[in-house]
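**Student:** fold the following, please.
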Amino acid sequence: MAELFLILRLAGERVAIRAADVEAVVETGPLTPVPGAPDHVAGLCALRSRVLTVIDCRASLDPSLSLADAPSEAVSTVVAGHPYALLLDGVEDVVEADCAASTPELPLAPYWRRVAQGTVEAEGDLLLLLDVEALIAGCPVETARAA
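**Tutor:** I've put the predicted structure just below:
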């Protein structure tokens, strides 16, 4: 059965997330740092009278991918009742497509394998379907140390 997916760019790749996981595409304003937070937590921002925890999705994949000039384009989402903004390289389009529940044996970097929950065939491309909760959780400490 077809469902809606948001096509986005992250770490130089086109990937997808379920549109049902997205509240809105937003521009983050100035970020307030969070002392002691993991490296992939870029800070806090205010949006529509709510405070969102801002996740640098590149740093969430792999700390070495984070850039000092973080983009301001993000998607807002709510996980376990907590609002987040996920910083991305860019948002492209919403498409209707079928999803394969497993990731085929593709040569993927370990960080992609950690956040992939399947594939989506859209616009003639096979895209990884990302797990929003895995992006929010970030890179495990043992993986970050090995990098």
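
**Student:** other SSEs contacting the one helix or strand residue 91 maps to?
**Tutor:** Taking DSSP states H and E as the definition, residue 91 sits inside strand 90-97. For strand 90-97, the packing partners by 3 or more C-beta pairs under 8 Å, 6 or more residues apart in numbering; DSSP states H and E come out as strand 3-10, strand 13-18, strand 73-79, strand 116-122. Glycine gets a C-beta too; all of them are placed from N, C-alpha and C.

**Student:** ok, and the closest non-adjacent residue to residue 46?
**Tutor:** The spatial neighbour of residue 46 that comes closest, neighbours along the chain excluded (C-beta to C-beta, 6 or more residues apart in numbering), is residue 29 at 7.0 Å.

**Student:** separation between the one you found and residue 122?
**Tutor:** Residue 29 sits 31 Å away from residue 122, going by C-beta to C-beta, to the nearest Å.

**Student:** please apply the same query to residue 79.
**Tutor:** In this view, residue 79 and residue 122 are 24 Å apart by C-beta to C-beta.

**Student:** shaky segments in the protein?
**Tutor:** Scanning the chain with the threshold set as pLDDT under 70 gives 1, 67-71, 100-105, 141-147.

**Student:** part of a strand, is the residue nearest to residue 46?
**Tutor:** No - going by DSSP: H, G, I helix; E, B strand; the rest coil, the assignment for residue 29 is coil, not a strand.

**Student:** number of residues surrounding it?
**Tutor:** 10 (other C-beta atoms under 10 Å).

**Student:** pretty sure residue 31 sits against residue 46.
**Tutor:** No - contact criterion C-beta atoms under 8 Å: residue 31 and residue 46 do not qualify, at 10.0 Å.

**Student:** neighbour-wise, which of those two wins?
**Tutor:** residue 31 (18 against 12).

**Student:** residue 22 contacts residue 77, correct?
**Tutor:** Yes - at 5.9 Å, residue 22 counts as touching residue 77 under the criterion of C-beta under 8 Å.

**Student:** any idea how far residue 11 is from residue 5?
**Tutor:** According to C-beta to C-beta, residue 5 and residue 11 sit 18 Å apart.

**Student:** the more surrounded of these two?
**Tutor:** Shown here are residue 5 and residue 11; by other C-beta under 10 Å, residue 5 has more neighbours (25 against 18).
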